[in-house]
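Asks: sequence isn't available, so here's the structure alone:
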């Protein structure tokens, strides 16, 4: 009985830890910059088939709801990712899903040359540098890494980074401890100032 109780408590603690860490990452390196124009950058995930896989479908939905959450009229959605895992680019796969399945009819731009997160940011900067607000959409750790890359490549754009709607309490709950472990590994090279939660 004690063993079961201990395992249950450990499970609850792991879920709470994963939830907290993902929440923390979603609130790091973001501000509350205002303005009329907004760019929502959705980062792609390796996609070997010509239709969006589970991860890319979720990222597209998070990107679309980030537009709704902001309510900005001058919003453009930028799907970013090259043909890393298949013949069709991640950007095109995500755009097709957004339009044909989700019925999104807003402004869409494609960045289809990137094969790494660093390249994602390098290649989308010309598409976002005139926007008042910039949202980056992915799993929270990956989005934080991308925001850190914005700060490194274009510090002048860092103050325009705002939260996307890619973290929700309870969403991906069972997977969040694993995502948290992977996130800790992938963010290990971030500097101390790139890890501070926005107050």
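Replies: Cool, the structure landed. Everything numeric here is computed off the predicted structure, so don't read it as measured data.
Asks: okay, the nearest residue to residue 29 once chain neighbours are set aside and residue 86: tell me how far apart.
Replies: Nearest residue to residue 29, sequence neighbours excluded (C-beta to C-beta, 6 or more residues apart in numbering): residue 147, at 4.2 Å. All C-beta spots, glycine's among them, are computed from the backbone N, C-alpha and C. Going from residue 147 to residue 86 by C-beta to C-beta, to the nearest Å gives 27 Å.
Asks: more neighbours, those two?
Replies: The neighbour comparison of residue 147 against residue 86 (other C-beta atoms under 10 Å) goes to residue 147, with 24 against 14.
Asks: contact partners of the helix or strand hosting the more buried one?
Replies: For residue 147, the element it lies in under DSSP states H and E is helix 140-153. Helix 140-153 is contacted by residues 22-23, 25-26, 28-30, 41, 43, 117-118, 120-122, 125, 134, 136-138, 157-158, 161, 164, 166-167, 179-180, 182-184, 186-187, 190-191, 194 when judged by C-beta atoms under 8 Å, 6 or more residues apart in numbering.
Asks: quick one, the next helix or strand along the chain from it and helix 140-153 angle?
Replies: For helix 140-153, the succeeding helix or strand toward the C-terminus, using DSSP H and E, is helix 176-186. With axes from the mean of the first three to the mean of the last three C-alpha atoms, to 10 degrees applied, the angle from helix 176-186 to helix 140-153 works out at 30 degrees.
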